[in-house]
Every structure is written in structure tokens, then in C-alpha cells.
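**Q** I need the structure of the sequence given here:
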Amino acid sequence: MTAVDNPRARTIPTQLAAMAAGVPEATIRKWASRGKLTRYGRPGRAEYSLQELTALLEAKAASSA
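**A** Sure, this is the predicted structure:
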């Protein structure tokens, strides 16, 4: 399996995901709890797929345009 096939290949912590998306960390957690993002990592160390985050942001941009 390559990095392209495995969405977990590039995961980033909540703080960086929020920074990349331009939203508060609480929003990243909310998206994960609503099933919009997959939460990886272990308890106390949430990480999110950069690929999934990018796809979510692109979809949001397309729907608001």
C-alpha cells in the first residue's frame, strides 16, 4: 500500500490540522465527532489525515462557491 492509498500515511495533530484549515481546534474535533474526518492516534494524541482534511476543505469551498 502506498501513501496515496493509505489516508493515515500522513497524519497531523489537531493543532496543525486547525491551523491548516484556518479554524479553531474545537472545529476539527467537531468534524471528527460528526464523521467528517477520521480520528487516528491514541488517547490524548488525536491525529487527522491530511488527505481527508484537504478533501473536506475542497468540498466546502466548492459548495460555497
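**Q** Can I take it that residue 40 is in a strand?
**A** Yes. Under DSSP: H, G, I helix; E, B strand; the rest coil, residue 40 falls within a strand.
**Q** which of the residues in stretch 57-65 are buried?
**A** Across stretch 57-65, burial judged by 16 or more other Cβ atoms under 10 Å covers no residue at all. Every C-beta, even on glycine, is put in place using the N, C-alpha and C of the backbone.
**Q** chain center to it, what's the gap?
**A** With Cα atoms, centre = their mean, to the nearest Å as the basis, stretch 57-65 stands 15 Å off its chain's centre.
**Q** what is the rounded mean pLDDT of that stretch?
**A** Confidence for stretch 57-65, expressed as mean pLDDT, is 89.
**Q** burial measure for residue 21, as a count.
**A** 19 (other Cβ atoms under 10 Å).
**Q** can you pull the pLDDT of it?
**A** pLDDT, the model's per-residue confidence, is 95 for residue 21.
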